[in-house]
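> return atomic coordinates for the entry below.
(2 chains)
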There are 2 protein chains.
Amino acid sequence: MKTGNAELICTGSELLEGKLNLYPPLFHQRLAPLGFTLTREQSSGDRLADIADCIKGALDRADLVLVCGGLGPTFDDLTRQAAAKALGRRLVGSKACAQILALNFGLEKLPPNLKDQAVIVEGAKALENANGTAFGEVITQGRKMLVLLPGPRNEWEPLFGSFLNAEIKDFFRREPLTQAKLRLAGLGEPKAEALLKPAMRKDPALRYTILAGAGLVDFIISGPGPAAVKRAAARCAKAAGPAFYGEGDLTLAQAAGEKLLARKRTLAAAESCTGGLVSKLATDIPGSSRWFLGGAVAYSNAAKVRLLGVKPATLKKHGAVSGECAAEMATGARKTFGSDYALAVTGIAGPDGGTPDKPAGLVWFALAGPRGTRVFRREFRGGRDYVRARAAVFILDELRKVIK
Amino acid sequence: MKTGNAELICTGSELLEGKLNLYPPLFHQRLAPLGFTLTREQSSGDRLADIADCIKGALDRADLVLVCGGLGPTFDDLTRQAAAKALGRRLVGSKACAQILALNFGLEKLPPNLKDQAVIVEGAKALENANGTAFGEVITQGRKMLVLLPGPRNEWEPLFGSFLNAEIKDFFRREPLTQAKLRLAGLGEPKAEALLKPAMRKDPALRYTILAGAGLVDFIISGPGPAAVKRAAARCAKAAGPAFYGEGDLTLAQAAGEKLLARKRTLAAAESCTGGLVSKLATDIPGSSRWFLGGAVAYSNAAKVRLLGVKPATLKKHGAVSGECAAEMATGARKTFGSDYALAVTGIAGPDGGTPDKPAGLVWFALAGPRGTRVFRREFRGGRDYVRARAAVFILDELRKVIK
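Coordinates of the predicted model:
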């Protein structure tokens, strides 16, 4: 499988001063279907000479170079200047860009900081940014392409769909790669690999990537032919069994929501240790109000009693972190919200609050539905955020399996 | 401010194929106290020529170069070879390393894969790795230092304490660096820059970085003297005015929580469009159960009426997205949970559901407290996630300001 070489440059001193760089995996996902392999990533501080040096080196090595960040209006935004320097070109004011900015802001005359945003590298094609003032820029030189992108994810990501995919396809005329992403839940990377290996071996010409999250695994298949990728995806989905819940960018909450919607069923949530995370994941989805009625974050015992009708005797006898409490939270939420299904999560997220009997990481769950209530117990090992994330994934996974 | 320049090279094709690179922030934390600024990070695939090229470039630019990964015994571990190539040195078998490995494994004769682990760059000082078979290596050339480290975090991290800190201090004899991070809320990057510029100008020898999030700004000051950094931090915090809410890693919910805790006050949340996000942010904080009693995610109108006591007449006359509804949600949550304060958020997160009167992005808020209820109206421009994030930040910011 022949792919083009792409390099990514991320600018911003913060990336070298403690901030995690979340972008390389995102760019990998965007570039693979266009037929490009990421061969190097560089993070550079906000110094003009450094950024220019990164660009120069990358253009020497790779076919396609993407620079992300440093196009804003403040003093430490120097990517335009660096690109001009690396290419030996001038910066020029773009009338078209100025007009677009004036139009978007309803201004007759642009203030100086916006005027700076209408400056582009000579010969660049400007890409209008629907979520910010910085234009993306596509610059070609010989058989190479340099792309400048604004730093915020909500600004650069849409530019792929609206302009960049087409620009890259037209310029390089590479055979596009087809990609299929299978989403699995309720297992880790080693288990996923063991399940999928025999299916992978059947088509070694394709490329396979396993990405693991908290209780979630994405399995990405890429290759030149849509038919071969589709066939491999079907084979792998089957091999994954009940862990497979959907394709593409479908979230677990979305998978559950779609099943609920199709059956005209509704959901409510009763959360203690996840503190609203499950509700947040449900309401991340546009239109979720059609199946998600609401949730109770019953962090205190009093709230569990008052909002969800948990019996004080249950709390006294079994404690808030117990199967009994989880079951009463779920049935209570089902009644309070008048929903068909209700889920409940109560546990010890940690790091404090654990005991030898009930260690940090212990979580009880319940699912109440038209056919009764089921209770689950799990122990997760990890920090507070990890335990909460695993707990949310676990109950959403059980939910989507239980909906018939 | 004189610091040494360090560059980090992370090897491993997985870093370019979807795996998040968690290391740069960790290395930053290790290097800053040693007086080094990370000036570039490069992630390279597992190709010898690529790694050698990364090392060569980095050694040209920086004083200290660290390479992490690629020292294992398998075919794709090529960092030793790449370092030898970049420096024009040979690889040699180290008797001392072989003896250590033989001792650790209780073997008289090393098997081939372990024998390979006793090979180092000519002239390198080997650092014994307590958690694996790969030795770290320190190689000096003129006034520069190249350090090779094994990839797993539990292998390279302890090497700093046991050897590297001392090696680096002895070789470079530099002054250590201090950093302060100011956290601001309720303003964007340009506003923050305008407020802080005069304070920044007073000490141009320090370094300043502005990081913007959704309604949040981090302002980082670094320099060699703790006293100078502390003075600048105090000056900048004052210049930021009420937007400044804390230092370091303090979150907005934490700042509000600490004020509540100090005054023995409690909080409840009533959320519609944020769908649990505010409760989630509150309960992200260990120990938040001491001040956060719970929340109601009242996504449907029925839930608003039943859980929070919103009057059906209010919903009919003003709609769910209205100041009237927000106020009743907040006072209702205060009563339901028996808390001192309660916040409410109701809006149109979008992308659907907007009308000309009430566009997507319109959010009404209320804060109910011992001294009555305040209502706020804001319009945010952006996607669903952005609107929800801004709304959560807005109300937490108002909350921490109102607590007296």
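
> and the strands in the stretch 1-150 of chain A, which stretches?
For the stretch 1-150 of chain A, the strands defined by DSSP state E, counting those that start in this stretch cover A:4-11, A:36-44, A:64-68, A:91-93, A:119-121, A:125-127, A:136-141, A:144-149.

> where does the residue of the stretch 301-404 of chain A found nearest chain B land in three-state SS?
Nearest residue of the stretch 301-404 of chain A to chain B: A:A303, at 3.7 Å (CB to the nearest CB). From N, CA and C alone the C-beta is placed, and that goes for glycine too. Secondary structure state of A:A303, per DSSP: H, G, I helix; E, B strand; the rest coil, is helix.

> okay, it: pLDDT?
Model confidence at A:A303, given as pLDDT, is 94.

> give the contact list for the nearest residue to it once chain neighbours are set aside.
Nearest-residue entry for A:A303: B:G294, 3.7 Å, with adjacent residues in sequence omitted and distances by CB to CB, 6 or more residues apart in numbering or on different chains. With contacts defined as CB atoms under 8 Å, 6 or more residues apart in numbering or on different chains, B:G294 is in contact with A:296-300, A:303, A:307, B:268-269, B:279, B:337.

> hey, which helix is longest across chain A?
Assignment by DSSP state H gives helix A:384-402 as the longest helix of chain A.

> take the strands of the stretch 1-150 of chain A and write them to TSV, including mean neighbour count.
Converted to TSV, the strands of the stretch 1-150 of chain A look like this (neighbours: other CB atoms under 10 Å in any protein chain shown):
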stretch	mean neighbour count
strand A:4-11	24
strand A:36-44	25
strand A:64-68	27
strand A:91-93	14
strand A:119-121	22
strand A:125-127	19
strand A:136-141	20
strand A:144-149	25
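
> out of these, which is closest to A:R235?
Nearest to A:R235 among the strands of the stretch 1-150 of chain A is strand A:36-44; the distance by CB to CB comes to 24.1 Å.

> the closest one packs against which elements?
On a contact count with 3 or more CB pairs under 8 Å, 6 or more residues apart in numbering or on different chains; DSSP states H and E, strand A:36-44 meets strand A:4-11, helix A:23-31, helix A:48-61, strand B:36-44, helix B:48-61.

> got the angle between that strand and helix B:23-31?
Taking axes from the mean of the first three to the mean of the last three CA atoms, to 10 degrees, one finds strand A:36-44 and helix B:23-31 inclined to each other by 20 degrees.

> got the CA coordinates for strand A:36-44 in CSV?
Backbone C-alpha positions of strand A:36-44 (Å, rounded to 0.1, in the frame of the first residue of the first chain) are rendered in CSV as follows:
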residue,chain,number,x,y,z
PHE,A,36,-1.0,10.0,3.8
THR,A,37,1.1,8.6,6.5
LEU,A,38,2.3,10.9,9.3
THR,A,39,6.0,10.4,9.3
ARG,A,40,7.0,13.1,11.9
GLU,A,41,5.4,15.5,14.3
GLN,A,42,7.2,18.5,15.7
SER,A,43,6.1,20.8,18.5
SER,A,44,7.7,24.1,18.4
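
> tell me the strands beside that strand, with direction?
Using DSSP bridges, strand A:36-44 pairs in its sheet with strand A:4-11 (parallel), strand B:36-44 (antiparallel).

> need those strands in CSV (columns: distance to A:L399 and mean pLDDT).
Listed next are the strands paired with strand A:36-44 as CSV, based on distance: least, CB to CB, whole Å; pLDDT from 0 to 100:
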stretch, distance to A:L399, mean pLDDT
strand A:4-11, 37, 96
strand B:36-44, 38, 96
